[in-house]
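Q: My questions concern the predicted model and sequence given below.
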Amino acid sequence: MSIKEHILSLNASLPAGVTLVAVSKTYPPEIIMEAYDAGQRVFGENRVQELVAKYEALPKDIQWHLIGHLQTNKVKYIAPFVVLIHSVDSAHLLETIHEQALRNDRVIDVLMEVHVAREVSKHGWQEDELFDYMASGAWKGLSGVRLRGVMGVATFTDEQQVVRAEFERLHEIFLRLKQTYDFGPEFDTLSMGMSGDYPLALDCGSTMVRIGSLIFGARQYQ
């Protein structure tokens, strides 16, 4: 199947209201344009430098998402244009995004990344830590950011029951936040599920899936 056929097939199979983020990290602009020409407009990148380069090289109606770990000193490079930051994993990072958004006269949409996987190498808030922060109310004064929901990455394993349990936990965290705090209707995004596990994520309530290799093929890391 071509990239266009993969895009069309995926979009046709996703439930109504689920957003497909085409994860374009490591793929060159000409490959991304094949997905663009198939109608895809939402793309996700892991690294700031690569994201900025592709933003400059590709059509400006692309909605760029930063899905990888984000260092505070690099927020300024994407603040002028990024549509959604999936990987907010600390109060300091949230505050930095707020500050950079105001400098660019913007409000930037963000997701709180929660650590649910078994791998300690994965990023994200611990559940208790996140709820303690939310209870503090410190986020309420950050007018430069808009909290849209939660993101998480499941353990990389063939044990389906492990992955399902982690996705279910993320869904519970998302619902608990939504029910406890008055974010408004815009708190509507649960970003979970990648090429290898997105059907499970959809079963567990995902509203946004991050898919790369299923669209573009195996990555060529250098």
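A: Nice, thanks for sending it over.

Q: List the buried residues of stretch 68-77.
A: Buried positions in stretch 68-77, judged by neighbour count with 16 or more other C-beta atoms under 10 Å: G68, H69, L70, K74, V75. (Glycine included, C-beta is placed from N, CA and C.)

Q: Ignore what I typed, I meant stretch 116-135.
A: So stretch 116-135, judged by 16+ other C-beta under 10 Å, has buried residues V116, A117, K122, H123, G124, W125, E127, L130, F131, Y133, M134.

Q: Give me the mean pLDDT for it.
A: Stretch 116-135 shows a mean pLDDT of 91.

Q: Off-centre distance for that stretch?
A: The chain centre lies 16 Å from the centre of stretch 116-135; the measure is C-alpha atoms, centre = their mean, to the nearest Å.

Q: can you pull out the strands in the chain?
A: 19-23, 42-45, 63-66, 84-88, 108-113, 145-151, 189-191, 208-211 (DSSP state E).

Q: which residues touch V153?
A: V116, A117, K122, G124, M192, M194 (C-beta atoms under 8 Å, 6 or more residues apart in numbering).

Q: Please report how far the nearest residue to the second one once chain neighbours are set aside lies from E166.
A: The spatially closest residue to A117, leaving aside those adjacent along the chain, is T155, at 4.3 Å (C-beta to C-beta, 6 or more residues apart in numbering). As for T155, its distance to E166 is 6 Å (criterion: C-beta to C-beta, to the nearest Å).

Q: thinking again about what came up before, which pair in the contacts of V153 spans the largest distance?
A: G124 and M194 (14.9 Å; C-beta to C-beta).

Q: count of neighbours near the nearest residue to L147 once chain neighbours are set aside?
A: Closest residue to L147 apart from its sequence neighbours, by C-beta to C-beta, 6+ apart: F183 at 5.5 Å. F183 has 16 neighbouring residues, counting by other C-beta atoms under 10 Å.

Q: Just to check, F183 is in contact with V150?
A: No. Judged on C-beta atoms under 8 Å, F183 makes no contact with V150 at a distance of 11.2 Å.

Q: returning to that earlier point: ok, of the contacts of V153, which one's closest to L58?
A: M194 (22.2 Å).

Q: show me the residues around that closest one that make contact.
A: So M194 contacts V23, V153, V209, R210, I211, G212 (C-beta under 8 Å, 6+ apart).

Q: so the fifth one sits right up against V21, yeah?
A: What that stands for is I211. Yes. The criterion here is C-beta under 8 Å, and I211 meets it with V21 at 7.1 Å.
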